[in-house]
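Just the structure for this:
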Amino acid sequence: EQAKEQLLKKLTLAAKACSELYQHAQASQYYEQALTVAPNNPELLRTYAYYLYTIHEYEKSNTYYLRALDIQELLAKENPKAVRPDLVATLNNLGINYKALTEYQKATTYLLRALEIRELLAKENPKDFRYGLANTLNNLGNLYNAIKEYEKANTYYLRALDIRELLVKENPKAFRPDLATTLNNLGVNYGYLKEYEKANAYYLRALEIRELLAKENPKAFRPDLTATLNNLGINYNDLKEYEKANAYYLRALDIRELLVKEDPKAFRPDLATTLNNVGLNYNGLKEYEKAETYYLRALEIRELLANENPKVFRPGLASILYNLGLNYDDLKEYEKANTYYLRALDIRELLAKENPKVFRPGLATILNNLGINYNKLKEYKKAETYYLRALEIRELLANENPKVFRPGLANILNNLGANYNDLEEYEKANTYYLRTLDIIELLAKEHPKTFRPKLATTLNNLGNNYNALKEYEKAERYLQRASEVLESISK
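Presented below is the predicted three-dimensional model:
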């Protein structure tokens, strides 16, 4: 028995040493040898599963977590008090893994089970178990962010933040990394809610902590530092402060290129993300050739990743294909743009079948863009086909969540109107323009600054169309209203 324990210790130490040297094949080999010695050791199963998670092997990781969970659930029947902390850690990590695999229903089940237990443990013994509770709250925030339930995500993030701020007061060295994580995540979430100033406040607090941590321990904390730098870049990009965004992106890029040299398997996904974001930024600056260079580098990496692990990396591949399409659009290379859009469409159709809630909005966007492109190429019937498919999805989305999806619905209705106008089907065009008008009038009341210019455009389109139909009184009425709206904007 003692010899067995010594062999087990030797193998696990060898596995950890190889993983620290980024020798992933050898590390996995040592872990698997250790498991032949102790196949039912839940701690070893969990350690190996977590290691596999860090190198993005989520499905393989889950097989070991599930084995650990089966054993822990049996042990918990005999001794719940001793086993619950380890059991809940496995539930929590299964939730994280299923989120990475975009299996959100499963992720929710495991994380809510973990939360229930951790809330009980933290009530019984706050000092020992608040830390774990904050972890699960933070992970639930990440999950709801991923399924675009941003308000719900915030409730979990803010609860995690309260706990982590208390923990940092008690022990700054131990808990600052976790505090920075939640601050960073709140920044991401407020960004999605378009509350960019709030997002910045959280990002800058996270950045301050992560810069200190990376100075103290570069190997451990440079990856986290690059995440916040990258996110600040995204936020300034959304604020259309492209020069400021670039400063953050390029700092993140410098570090991520170094990290990829050290450990390609772990850091290629992050490098592709920053290359994509730099591309987005140069596109915003109208430097389309520069944007293309970064996008193509990101595409090369994401194609490799999606070949290795389609389930995890196909969504990112679809995004970069879409961005290349947009960039070629801006370069007025519409045929080239369409080749990328059509590749992105193939992937997003598959993704939307697997997970409609998450991927239908992106599918509608690609369909709409293909419609716009075919319209520019004067292939109006092709444009109509894509627009009508996009309309079908956006009507469903706007019924489910009007606040978020009505602007997109108005956009596609307007595009259909313009397409029928180009086909000289003016009656048909007007039915779509009138539906656009109904929505834009509501939106202009809620957000005048954003939607009054669009209101003027829609009124103008209707006026021109009624003119073409020789309905001059109606035409005059809409054109007069368009003129009044434009006058009010210029005041």
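
you'd agree N138 is up against Y156?
Yes: the pair N138 and Y156 passes the contact test of Cβ atoms under 8 Å, sitting 7.1 Å apart. Heads up, the C-betas are built off the backbone N, CA and C, glycines and all.

Nearest the geometric middle of this structure, what residue?
With distances taken as Cα atoms, centre = their mean, the chain has A146 as the residue nearest its mean C-alpha position (6.0 Å).

How about the contacts made by that residue?
K99, T102, Y104, V358 (Cβ atoms under 8 Å, 6 or more residues apart in numbering).

now with 6 Å?
A146 sits next to K99 when contact means Cβ atoms under 6 Å, 6 or more residues apart in numbering.

Likewise for L423?
L423 makes contacts with Y380, as judged by Cβ under 6 Å, 6+ apart.

pLDDT value on it, please?
Predicted confidence (pLDDT) at L423: the value is 96.

what does N355 give?
The confidence metric pLDDT takes the value 89 at N355.

State the distance from it to E151.
Going from N355 to E151 by Cβ to Cβ, to the nearest Å gives 20 Å.

neighbour count winner among these two?
N355 (15 against 9; other Cβ atoms under 10 Å).

The nearest residue to the more buried one once chain neighbours are set aside: which element?
Nearest non-adjacent residue to N355, counting by Cβ to Cβ, 6 or more residues apart in numbering: T102, 5.8 Å away. With the criterion set as DSSP states H and E, no secondary-structure element contains T102; it sits in neither a helix nor a strand.

Now do T102: how many residues are near it, please.
19.

Please apply the same query to D263.
In terms of burial, D263 registers 18 neighbours under the definition other Cβ under 10 Å.

same deal with N461?
22.

Repeat that for K10.
K10 is surrounded by 14 other residues when neighbours are defined as other Cβ under 10 Å.

Next one: it, what pLDDT does it get?
Note on K10: pLDDT of 94.

How about the backbone phi and psi for it?
Per-residue torsions, K10: phi -60, psi -40 (degrees, to the nearest 10).

So it versus A17, what's the distance?
From K10 across to A17, the span is 11 Å (Cβ to Cβ).

ok, now L479?
For L479, the distance to A17 equals 76 Å [Cβ to Cβ].

cool, A398 as well?
When distance is defined by Cβ to Cβ, A398 is 55 Å away from A17.

Please identify which of the two sits among more neighbours.
With neighbours defined as other Cβ under 10 Å, A398 and A17 compare such that A398 has more, 19 against 13.

Could you pull up the contacting residues of the more buried one?
If you count contacts by Cβ under 6 Å, 6+ apart, A398 has them with F405, R406, L409.

Buried ones among these?
F405, R406, L409 (16 or more other Cβ atoms under 10 Å).

Make TSV from those and add pLDDT, distance to R130 and secondary structure to it.
Compiled in TSV, the buried ones among the contacts of A398 are given as follows (pLDDT from 0 to 100; distance: Cβ to Cβ, whole Å; DSSP: H, G, I helix; E, B strand; the rest coil):
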residue	pLDDT	distance to R130	secondary structure
F405	94	39	helix
R406	96	42	helix
L409	98	45	helix
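
Just put those residues in JSON lines and tack on distance to E195.
Formatted as JSON lines, the buried ones among the contacts of A398 follow (distance: Cβ to Cβ, whole Å):
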{"residue": "F405", "distance to E195": "19"}
{"residue": "R406", "distance to E195": "19"}
{"residue": "L409", "distance to E195": "23"}
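
Now stretch 419-435 - C-alpha only, PDB.
The C-alpha trace of stretch 419-435 is given here as PDB (Å, rounded to 0.1, in the frame of the first residue of the first chain):
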ATOM      1  CA  ASN A 419     -35.400  45.800 -52.200                       C
ATOM      2  CA  TYR A 420     -39.000  45.800 -53.500                       C
ATOM      3  CA  ASN A 421     -38.500  49.400 -54.400                       C
ATOM      4  CA  ASP A 422     -35.500  48.400 -56.600                       C
ATOM      5  CA  LEU A 423     -37.700  45.800 -58.200                       C
ATOM      6  CA  GLU A 424     -40.200  48.600 -58.800                       C
ATOM      7  CA  GLU A 425     -42.800  46.700 -56.700                       C
ATOM      8  CA  TYR A 426     -43.900  49.900 -54.900                       C
ATOM      9  CA  GLU A 427     -47.100  48.600 -53.300                       C
ATOM     10  CA  LYS A 428     -45.200  45.700 -51.800                       C
ATOM     11  CA  ALA A 429     -42.300  48.000 -50.700                       C
ATOM     12  CA  ASN A 430     -44.800  50.300 -48.900                       C
ATOM     13  CA  THR A 431     -46.300  47.400 -46.800                       C
ATOM     14  CA  TYR A 432     -42.800  46.900 -45.400                       C
ATOM     15  CA  TYR A 433     -42.000  50.600 -45.100                       C
ATOM     16  CA  LEU A 434     -45.300  51.100 -43.100                       C
ATOM     17  CA  ARG A 435     -44.400  48.300 -40.800                       C
END
